[in-house]
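A.B. asks: Show me how the following folds:
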Amino acid sequence: MVLPKIWRPRVAVCGIHIESSTFSPQLAYEHDFTVTRGEALLNRFSWREETWSQAIDWLPVLHARALPGGVIHRPVFDAWVAEILEGVKALHAEKPLDGLFFDVHGAMSVEGLLDAEGDLITAIREIIGPDVLVSLSTDLHGNMSEALFNGCDLLTTYRMAPHEDALESRRRAMYNLAMRLLSGQGKPAKSLVHIPILLPGEKTSTRIEPAKRLYSRIPYLEALPGVVDAAFWIGFAWADQPRCKAAVVVTADLPQEELEALTLDWAQEIWDARDEFEFVAPVDSMENCLQWAETAQRPTFISDSGDNPGAGGANDVTYALHHLLNWEPTMSGKLHTICVSLHDAESVAVAVATGVGNIADFVVGGKIDSRWPGPQSLRAKVSFIGDDPLGSTSAVLRVVRTVDGVEVETGLDVVVTKGRNQFGALATFQRLGLDPREADVVVVKIGYLEPDLYAMHKDWKMALTPGGVDQDLIRLDHKLINRPMVPFDCDPEVLDAVELHAITVGR
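C.D. replies: So this is what the prediction gives:
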């Protein structure tokens with residue numbers, strides 16, 4: 001007797017993942033990305049060895065991933081899109097696909113496009129048709145456009161900020177897809193509600209209220225009979241596009257009216273909390289933060305939030321460095337201050353040529369975003385040269401000054417990096433011979449502190465510095481977002497008159 005072949009669902013895997021600030025002059029090019037294909041793409045998912053995952057034929061196409069940055073150079077994006085579409089088309093022609101896992105950020109911006117992820121999934125749908133089951137995972141700081149919603153069947157997103165659950169979110173998206181295919185349940189119903197709120201992530205950390213409470217609703221919602229997933233996007237504030245706004249999506253095996261009422265109820269709860277959102281830490285000007293830091297508990301952290309590369313900042317704005325170079329407590333050597341980091345390949349090259357232990361003149365930063373206030377001239381000793389985990393060279397520059405004709409070290413260490421980098425982990429400092437736990441003050445280009453830094457800080461303020469990811473959204477002057485929108489519109493009568501609406505697709 002010939003046994004029947006066991007059916008194994010065929011699922012394509014693809015995506016382009018970057019968070020892009022449209023307010024930064026920087027562009028993102030191919031060299032900014034890690035591109036994976038074949039087994040290297042699938043090796044990103046440790047759960048491949050789990051039983052449910054082994055029942056699926058995962059078919060890698062292309063995935064490109066980068067640190068948050070600027071808008072993608074259009075030819076780079078177009079080339080990857082062509083490869084993705086050709087790959088999906090070939091797989092589908094070989095034997096019709098059963099599913100597709102779409103692994104994107106949700107806040108990717110591309111030259112000339114207003115909804116890059118929506119455009120990409122729409123183009124994929126033209127190849128695979130309406131019946132293939134598509135599962136989506138994004139960052140909660142992504143945007144849920146109508147095109148992206150329409151193109152996907154299972155939609156989920158991170159539930160923690162900082163994003164300690166990024167991998168968990170991808171696993172959930174792939175697991176939900178596998179379970180729907182293997183069980184033959186097919187597509188669930190889905191409902192989308194946009195909420196006219198656009199806030200920086202530093203006002204929406206899930207460590208504090210109201211985001212903590214609003215995201216904690218998800219386990220309750222998912223425990224309701226028939227609910228598959230509940231997702232809340234707070235949106236991406238540093239792009240000027242109509243899709244930039246908060247959103248919730250609930251997917252469920254429920255009647256359309258019941259699902260829509262459930263989604264609207266949750267969205268209304270979020271909208272009613274609009275006045276509760278506050279910064280995750282005390283905020284002030286850079287000048288006032290430094291004055292406060294003179295007597296704060298050690299180690300003291302100051303977030304140079306407007307140029308945070310983890311949100312898309314250019315990573316070379318010198319506003320904070322300029323103030324440190326004029327701050328007596330560290331220039332006199334009384335306080336040891338670490339300033340991390342400035343993306344400046346030219347200064348790294350000078351440091352390498354100078355050699356560890358030697359002194360040279362440097363012109364640091366302001367080569368990408370020269371607006372605030374531009375390149376800074378300094379004289380410094382090269383204290384350390386090393387590589388970051390991505391293999392990019394970095395240098396520690398100990399600033400020196402001349403006293404009575406003698407060059408004397410100050411207390412200021414400035415880190416310059418060949419590639420863009422965010423110093424959110426202790427190990428990143430340690431690779432350069434630095435220990436932030438032993439410093440007096442650490443000025444870091446970041447918004448809310450990542451877990452390592454949060455665990456070690458004794459005092460912390462966020463400086464409202466300028467840059468491509470300025471926390472003061474009003475200063476950025478958005479033009480294309482929908483209105484009214486919090487925090488741009490403050491009239492209580494206007495906001496109280498807002499009615500939320502759902503877009504619901506039944507089974």
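A.B. asks: all strands of the stretch 251-400 of the chain, in order?
C.D. replies: Ranges of strands in the stretch 251-400 of the chain, per DSSP state E, counting those that start in this stretch, are 283-284, 300-304, 337-343, 359-364, 376-387, 393-403.
A.B. asks: Distance-wise, check the closest residue to residue 48 other than its chain neighbours relative to residue 54.
C.D. replies: Spatial nearest neighbour of residue 48, excluding adjacent residues (CB to CB, 6 or more residues apart in numbering): residue 42 at 6.1 Å. Where C-beta positions appear, they are placed from N, C-alpha and C, glycine not excepted. For residue 42, the distance to residue 54 (CB to CB, to the nearest Å) stands at 12 Å.
A.B. asks: Quickly list what's touching both of those two.
C.D. replies: Common contacts of residue 42 and residue 54 (CB atoms under 8 Å, 6 or more residues apart in numbering): residue 48.
A.B. asks: Looking at the two, which is more packed in?
C.D. replies: In this view residue 42 and residue 54 are compared by other CB atoms under 10 Å, and residue 42 has more residues nearby, 16 against 13.
A.B. asks: Next, the contact list for the more buried one, please.
C.D. replies: Contacts of residue 42 (CB under 8 Å, 6+ apart): 13, 48, 58, 60.
A.B. asks: Tell me who's in contact with the third one.
C.D. replies: Listed by CB under 8 Å, 6+ apart, the contact partners of residue 58 are 11, 13, 42, 45, 48, 101.
A.B. asks: Wait, the fifth one touches residue 57, no?
C.D. replies: No. Using CB atoms under 8 Å, residue 48 is not in contact with residue 57, being 11.5 Å away.
A.B. asks: then stretch 443-458 to CSV, C-alphas only?
C.D. replies: Only the C-alpha atoms of stretch 443-458 are listed here, as CSV (Å, rounded to 0.1, in the frame of the first residue of the first chain):
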residue,chain,number,x,y,z
VAL,A,443,25.7,61.5,27.6
VAL,A,444,24.2,59.0,25.2
LYS,A,445,22.4,59.4,21.9
ILE,A,446,19.3,57.5,23.0
GLY,A,447,15.7,58.2,24.1
TYR,A,448,14.5,55.9,26.9
LEU,A,449,17.3,53.9,28.3
GLU,A,450,17.7,50.4,27.0
PRO,A,451,17.6,47.6,29.7
ASP,A,452,21.4,47.5,30.4
LEU,A,453,21.6,51.3,30.9
TYR,A,454,18.3,51.5,32.8
ALA,A,455,19.6,48.9,35.3
MET,A,456,22.8,50.8,36.0
HIS,A,457,21.7,54.4,36.1
LYS,A,458,21.3,56.2,39.4
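A.B. asks: any idea how far residue 190 is from residue 79?
C.D. replies: On the measure of CB to CB, residue 190 and residue 79 end up 32 Å apart.
A.B. asks: any chance you could map the strands in the stretch 101-250 of the chain?
C.D. replies: 133-138, 154-157, 189-195, 227-233, 246-252.
A.B. asks: Dump the ones you listed to JSON lines, plus mean pLDDT, distance to residue 124 and mean neighbour count.
C.D. replies: Listed next are these as JSON lines, based on pLDDT from 0 to 100; distance: least, CB to CB, whole Å; neighbours: other CB atoms under 10 Å:
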{"stretch": "strand 133-138", "mean pLDDT": "98", "distance to residue 124": "8", "mean neighbour count": "27"}
{"stretch": "strand 154-157", "mean pLDDT": "98", "distance to residue 124": "15", "mean neighbour count": "27"}
{"stretch": "strand 189-195", "mean pLDDT": "98", "distance to residue 124": "18", "mean neighbour count": "24"}
{"stretch": "strand 227-233", "mean pLDDT": "98", "distance to residue 124": "20", "mean neighbour count": "23"}
{"stretch": "strand 246-252", "mean pLDDT": "98", "distance to residue 124": "19", "mean neighbour count": "28"}
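A.B. asks: Indicate which one of these is closest to residue 431.
C.D. replies: Nearest of the strands of the stretch 101-250 of the chain to residue 431, taken as CB to CB: strand 133-138 at 30.1 Å.
A.B. asks: Give the partner strands of that closest one in its sheet and their orientations.
C.D. replies: Applying DSSP bridges, strand 133-138 is found paired with strand 99-103 (parallel), strand 154-157 (parallel).
A.B. asks: could you give the mean pLDDT of the first one?
C.D. replies: Averaging pLDDT along strand 99-103 yields 98.
A.B. asks: next one: it to chain centre, how far?
C.D. replies: 20 Å (CA atoms, centre = their mean, to the nearest Å).
A.B. asks: picking up where we left off before, relative to residue 64, tell me which of the strands of the stretch 101-250 of the chain wins on proximity.
C.D. replies: Going by CB to CB, the one of those nearest residue 64 is strand 133-138, 15.1 Å.
A.B. asks: between that closest one and strand 227-233, how many degrees?
C.D. replies: Put simply, strand 133-138 runs at 40 degrees to strand 227-233, going by axes from the mean of the first three to the mean of the last three CA atoms, to 10 degrees.
A.B. asks: OK, contacts around residue 458?
C.D. replies: So residue 458 contacts 296-300 (CB under 8 Å, 6+ apart).
A.B. asks: give me the number of residues near the residue lying closest to it once chain neighbours are set aside?
C.D. replies: Spatial nearest neighbour of residue 458, excluding adjacent residues (CB to CB, 6+ apart): residue 297 at 3.8 Å. As a burial measure, residue 297 scores 10 neighbours (other CB under 10 Å).
A.B. asks: Surely residue 297 and residue 460 touch.
C.D. replies: No. If you go by CB under 8 Å, residue 297 and residue 460 don't touch, sitting 9.5 Å apart.
A.B. asks: Could you check how far residue 384 is from residue 194?
C.D. replies: Separation of residue 384 from residue 194 (CB to CB): 49 Å.
A.B. asks: Can you give me the end-to-end span of stretch 43-51?
C.D. replies: Stretch 43-51 has an end-to-end distance of 16 Å (CA to CA, to the nearest Å).
A.B. asks: chain center to that stretch: distance?
C.D. replies: Here stretch 43-51 is found 24 Å from its chain centre; the criterion is CA atoms, centre = their mean.
A.B. asks: if we can go back for a sec, for the residue nearest to residue 48, give me the pLDDT.
C.D. replies: Looking at residue 42, the pLDDT reads 98.
A.B. asks: Please determine how far it is located from residue 274.
C.D. replies: Taking CB to CB, one finds residue 42 at 41 Å from residue 274.
A.B. asks: which strands and helices sit next to the biggest helix by length in the chain?
C.D. replies: Counting residues, the longest helix in the chain under DSSP state H turns out to be helix 74-94. Under the contact criterion of 3 or more CB pairs under 8 Å, 6 or more residues apart in numbering; DSSP states H and E, helix 74-94 touches strand 10-17, strand 57-66, helix 116-128.
A.B. asks: Go again with 10 Å.
C.D. replies: When contacts are defined as 3 or more CB pairs under 10 Å, 6 or more residues apart in numbering; DSSP states H and E, helix 74-94 packs onto strand 10-17, strand 27-28, strand 33-36, strand 57-66, strand 71-72, strand 99-103, helix 116-128.
A.B. asks: contacting residues for residue 451?
C.D. replies: Listed by CB atoms under 10 Å, 6 or more residues apart in numbering, the contact set of residue 451 reads 162, 164, 424-426.
A.B. asks: Check these for burial and list the buried ones.
C.D. replies: 162, 424, 426 (16 or more other CB atoms under 10 Å).
A.B. asks: quick one: which of the contacts of residue 458 is nearest residue 175?
C.D. replies: For the contacts of residue 458, the nearest to residue 175 is residue 299 (40.2 Å; CB to CB).
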